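Participant: test case, fold it:
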Amino acid sequence: MPEYEICYLDDHGTLTYQFSANCGDDQRAKILAHAMKPANARAMEVWRGAVLVYCRPGEAVVTERPARHSSWTGSP
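Facilitator: Predicted coordinates for the structure are as follows:
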């Protein structure tokens, strides 16, 4: 099963919460991201490795994964 990083951002685009999950496919990862969305999150991103598979709101044009996600160690 692929591993996904699910990231939640605030109004300013700052990472506020992130977790990893193994999901059967991209669609299941998207559903999980919505189901787990904290009330204060204003945007979300779902990553499979270095590939952005989903984001809300809108579809962002991202060529590589931001460093803010790979080094984040915060808690909810």
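Participant: hey, let's count contacts and neighbours off CA atoms from now on
Facilitator: Fine.
Participant: am I right that R28 sits in a helix?
Facilitator: Yes. The assignment for R28 by DSSP: H, G, I helix; E, B strand; the rest coil puts it in a helix.
Participant: distance of it from D11?
Facilitator: According to Cα to Cα, to the nearest Å, R28 and D11 sit 25 Å apart.
Participant: likewise A33?
Facilitator: Counting by Cα to Cα - A33 and D11 are separated by 18 Å.
Participant: more neighbours: these two, which one.
Facilitator: Of the pair A33 and D11, A33 is the one with more neighbours under other Cα atoms under 10 Å, namely 23 against 10.
Participant: that one and V46 touch, don't they?
Facilitator: Yes. With contact defined as Cα atoms under 8 Å, A33 reaches V46; the gap is 7.2 Å.
Participant: and for those two, which residues touch both?
Facilitator: Common neighbours of A33 and V46 (criterion: Cα atoms under 8 Å, 6 or more residues apart in numbering): I6.
Participant: report pLDDT for the closest residue to C7 other than its chain neighbours.
Facilitator: Excluding its sequence neighbours, the residue lying closest to C7 (Cα to Cα, 6 or more residues apart in numbering) is Q18, at 4.4 Å. Looking at Q18, its pLDDT is 95.
Participant: what of the one 10 residues further on?
Facilitator: In this model, R28 is scored at 97, pLDDT.
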